[in-house]
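>>> One predicted model, sequence on top.
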Amino acid sequence: MAAATEKIKDLPSEQSEALPSGTTLLGDQFTIERPLSNGGFGITYLAQDNYLERSVVIKECYPEVFCRRDGNRVLVRSHSNHEKYRAIVEMFMREARSIAKMRHPNIVGVHRIFEDNETAYLVLDRIDGRDLLDIVKDKDQTLTPAQIKAALIKILDAVDLVHQNDLLHRDISPDNILLDKWGSPVLIDFGAAREEASRETRALSAVLVVKDGYSPQEFYFAGGKQSACSDLYALGATFYHLITGSAPPNSQTRMSEFASNNADPCEPLAGRFDEYEPEFLAAIDKAMRILPKDRLQSAREWSAIITTETARPVPTPAPMKPANNENLEKTLTRLVSETNEYVRNSQPREGKIKSSEPVVNPSRVSAPKWVEEFNAETTTVRSPKPARVDRKSTETSKPRRPKPIPEIVPEPIQSPSKIRAFISGRIFRRGLN
Ligand SMILES: Nc1ncnc2c1ncn2[C@@H]1O[C@H](COP(=O)(O)OP(=O)(O)OP(=O)(O)O)[C@@H](O)[C@H]1O
Ligand SMILES: [Mg+2]
């Protein structure tokens, strides 16, 4: 089966069904600059928001098995698929709305969604950075253990929010986590429409969406129960790749070996990498257990293990940036001069106060503007742990009330023949380039 995710630049142009550069969407609101990739269910473009004059990323719902391009329009390949195609478009919009609700610094921000060309579009904040797959392949850019740990802690917080919203990502992998220019990880590419495509479509009823090395074994057979720990398996596999330099073995193979009582082909991390705390490595191994019931069950549970004092990366005090020093100095100079003026003005000047004028208690004089500014500025500079602030608004996030984690039904151990039977269905493999 051909790898589904292909970088557009590697495709001959006649094979690419992407909209050409310069195409406008939603009237003249957005202009396509160039396609980034075609994942089989959607085409991702770099685009320009002409009104806000900023760069964005647009995902077009394009389940290529059912549709074809006619000009800019997306048409169903056959009339019999019309309803299913519409269901996928609606699912895409629904998932987009769900992602939009999750405001988190480590989840890509949704800018807007709209319908055009008889399909749906999702406009995302453009993350200035590289995906983890690019980084891990690049021998000139290695991530330190401290960076890897910090990234995992942040992504776990993001994944926890996804699960608290009763959603699953379903496609966590190194190419779906971007590291922005500040080195902070951002989760992208939620499984919009994929679930619908594999569940609802008769033509594809046996097609399952998997990414070898990252997808847990329950993704390989129809009816496999997907739960929070399925995402955690994929997250574990992603960090396994970052630490070892290669993706772990396919979970389907692991499952077959397990069922045949053979050794697990996936070598655990624990005990192999001295630069990481044993608890940190053991937690990844546990997230990647073959049977769902043996895995870590929630992102919070995982996070609690690795953020204990022993497992936490040694914090390095951030050096004060020169720009901050300059700002602080300027602010202090201004405050001193404003204070002097305030004091000068509030002192009674000889001969100028008439005895009949009421004496003003200086403490009741309303504080000048600088007091507020000073408080605001010094609080920002000194605050050791700023409240989490949404990227799109300045409102502080409301504390999230923990929701019960859906109960995990342990998978029965499958016999090798049963597994082979399950696997004999068609599997839609999403390769990594
Ligand atoms: N918000 C973004 N900012 C910057 N680059 C992005 C963004 N979203 C996607 N990309 C880039 O485009 C690539 C493909 O995007 P994405 O992962 O969303 O789609 P896909 O995997 O091709 O498709 P599918 O939705 O079918 O899985 C990413 O690996 C990343 O390099
Ligand atoms: Mg992707």
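Sure, I can see it. Ligands and ions are numbered 1, 2, ... in the order given.
>>> near ligand 1, which residues of this structure?
Residues of the chain that fall close to ligand 1, judged by C-beta under 6 Å from any ligand atom: 5, 36-37, 39-42, 44, 57, 59, 108, 124-127, 131, 171, 175-176, 178, 188-189. C-beta coordinates here come from the backbone N, C-alpha and C atoms, glycine included.
>>> ok, how many other residues are close to residue 76?
17 (other C-beta atoms under 10 Å).
>>> Please check which residues sit opposite it as beta-bridge partners.
On the basis of DSSP bridges, residue 76 is bridged to residue 67.
>>> doesn't residue 83 make contact with it?
No. Counting by C-beta atoms under 8 Å, residue 76 stays clear of residue 83, with 9.3 Å between them.
>>> Keep only the residues of the chain next to ligand 1 that also lie close to ligand 2.
Intersecting the residues of the chain next to ligand 1 with the surroundings of ligand 2, defined as C-beta under 5 Å from the ion, gives 176, 189.
>>> Just the buried subset of the residues of the chain next to ligand 1, please.
Buried subset of the residues of the chain next to ligand 1 (neighbour count, 16 or more other C-beta atoms under 10 Å): 5, 36-37, 39-42, 44, 57, 59, 108, 124-127, 131, 171, 175-176, 178, 188-189.
>>> Keep only those of those residues that are in strands.
36-37, 42, 44, 57, 59, 124-125, 131, 178 (DSSP state E).
>>> Show me the domain layout of the protein.
1-127, 129-187+210-311 (automatic domain parsing).
>>> Check the protein for the residue nearest ligand 2 and tell me.
residue 189 (3.7 Å; C-beta to the ion).
>>> Tell me which residues touch that residue, please.
Applying C-beta atoms under 8 Å, 6 or more residues apart in numbering, we find residue 189 in contact with 39, 171, 175-176.
>>> cutoff 10 Å now
5, 37, 39, 42, 44, 59, 108, 124, 131, 169-173, 175-178 (C-beta atoms under 10 Å, 6 or more residues apart in numbering).
>>> Would you agree residue 230 is in contact with residue 220?
No. Using C-beta atoms under 10 Å as the test, residue 230 is too far from residue 220 to be in contact (11.3 Å).
>>> Which one's more surrounded, the two?
Between residue 230 and residue 220, counted using other C-beta under 10 Å, residue 230 has the larger neighbour count: 23 against 20.
>>> For the helix or strand hosting the more buried one, C-alpha coordinates in PDB please.
Residue 230 is located in helix 228-244, with elements delineated by DSSP states H and E. Provided in PDB are the C-alpha atoms of helix 228-244 (Å, rounded to 0.1, in the frame of the first residue of the first chain):
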ATOM      1  CA  ALA A 228      -7.000   8.000  25.700                       C
ATOM      2  CA  CYS A 229      -4.300   5.400  26.100                       C
ATOM      3  CA  SER A 230      -4.200   4.900  22.300                       C
ATOM      4  CA  ASP A 231      -3.000   8.500  21.900                       C
ATOM      5  CA  LEU A 232      -0.600   8.000  24.800                       C
ATOM      6  CA  TYR A 233       0.900   5.000  22.900                       C
ATOM      7  CA  ALA A 234       1.500   7.100  19.900                       C
ATOM      8  CA  LEU A 235       3.000   9.900  22.000                       C
ATOM      9  CA  GLY A 236       5.300   7.400  23.700                       C
ATOM     10  CA  ALA A 237       6.300   6.100  20.300                       C
ATOM     11  CA  THR A 238       7.000   9.700  19.100                       C
ATOM     12  CA  PHE A 239       9.300  10.300  22.100                       C
ATOM     13  CA  TYR A 240      10.900   6.900  21.700                       C
ATOM     14  CA  HIS A 241      11.800   8.000  18.200                       C
ATOM     15  CA  LEU A 242      13.300  11.300  19.500                       C
ATOM     16  CA  ILE A 243      15.400   9.500  22.100                       C
ATOM     17  CA  THR A 244      16.600   6.500  20.100                       C
END
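>>> next SSE after that helix?
Helix 228-244 is succeeded, C-terminally, by helix 251-259 (DSSP H and E).
>>> Flag every buried residue along that following helix.
Here helix 251-259 shows 251-252, 254-259 as buried, counting by 16+ other C-beta under 10 Å.
>>> Next, work out how far apart the residue of the chain at minimum distance from ligand 1 and residue 57 are.
Per C-beta to the nearest ligand atom, residue 39 is where the chain lies closest to ligand 1, at 2.2 Å. As judged by C-beta to C-beta, to the nearest Å, residue 39 and residue 57 stand 13 Å apart.
>>> Next to ligand 2, which bits of the stretch 151-300 of the chain? Give me the list.
176, 189.
>>> Can you check the pLDDT for residue 348?
The model reports residue 348 with a pLDDT of 39.
>>> So what pairs up with the residue nearest to residue 124 when sequence neighbours are not counted in the strands?
Nearest residue to residue 124, sequence neighbours excluded (C-beta to C-beta, 6 or more residues apart in numbering): residue 57, at 4.5 Å. The partner list for residue 57 in beta bridges (DSSP bridges) reads residue 46, residue 124.
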